[in-house]
Every structure is written in C-alpha cells, then in structure tokens.
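*Asks:* Please work out how this folds:
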Amino acid sequence: MLEDNVSDEQILAAMLQYPILVNRPIVCSPKGVKLCRPSESVLELLDQWPAGPFSKEDGELIIDSNNQRVST
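*Replies:* Okay, the predicted model is just below:
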C-alpha cells in the first residue's frame, strides 16, 4: 500500500528505475497498446517476430525452428 502523498510521477520514476516492479509490462506499437501477460501476447503487437526457435523467460518454447508460433 502506498502513502497518500506519493505522486504518479514518483510511481513512474520508481517503475523506470526498478523494472522488476512492473510485473505486467505495457507494450506500445503501431498495432496498439497492450498489457502483455502472458509475455508471449506481445507477439500480437509485433510486425516481425524474433527468429525461431525462441523461448520465454522460463524456457517455454513460443516460436519453433520454422518461425511458427507454438500453441499452448
């Protein structure tokens, strides 16, 4: 819980300084803005995906060696 006197600017500054605080990353692209959880939902906002195979931060494969999205 935050103190009542903490401003939005202070919150944003803390989020920039300590990105681990942002457990729900917000991604902005020409295709739109999205709260990207689970993290692979960011693929919907990208014009070009990373080359496969590509895994999430926990090791789960999300793009296979044929550059196809893996269904979960």
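*Asks:* just the helices in this structure please.
*Replies:* Across the chain, reading from the start of the chain, the helices by DSSP state H fall at 8-17.
*Asks:* Can you check the distance spanned by stretch 36-53, start to finish?
*Replies:* Between the start and the finish of stretch 36-53 there is a gap of 20 Å, counting by Cα to Cα, to the nearest Å.
*Asks:* start the count at 603, not 1, going forward
*Replies:* Let's use 603 as the start, then, which means that last one is stretch 638-655.
*Asks:* tell me which residues in it are buried?
*Replies:* When burial is assessed from 16 or more other Cβ atoms under 10 Å, stretch 638-655 yields the following buried residues: 638, 642, 644, 654. (C-beta placed from N, C-alpha, C; glycine too.)
*Asks:* and of those, the nearest to I613?
*Replies:* For the buried residues of stretch 638-655, the closest approach to I613 (Cβ to Cβ) belongs to C638, at 19.4 Å.
*Asks:* Let me see the contact set for the closest residue to that closest one other than its chain neighbours.
*Replies:* For C638, ignoring the flanking residues on the chain, the nearest one in space by Cβ to Cβ, 6 or more residues apart in numbering is V644 at 4.4 Å. When contacts are counted by Cβ atoms under 8 Å, 6 or more residues apart in numbering, V644 is found next to 627, 629, 636, 638.
*Asks:* which among the residues you listed end up buried?
*Replies:* Buried positions within the contacts of V644, assessed by neighbour count (16+ other Cβ under 10 Å), are 629, 638.
*Asks:* Of the contacts of V644, which pair is most distant in space?
*Replies:* With distances taken as Cβ to Cβ, the most widely separated pair in the contacts of V644 is P627 and K636, at 9.3 Å.
*Asks:* Quick one: residues contacting K658.
*Replies:* The contact partners of K658, by Cβ under 8 Å, 6+ apart, come to 640-642, 664.
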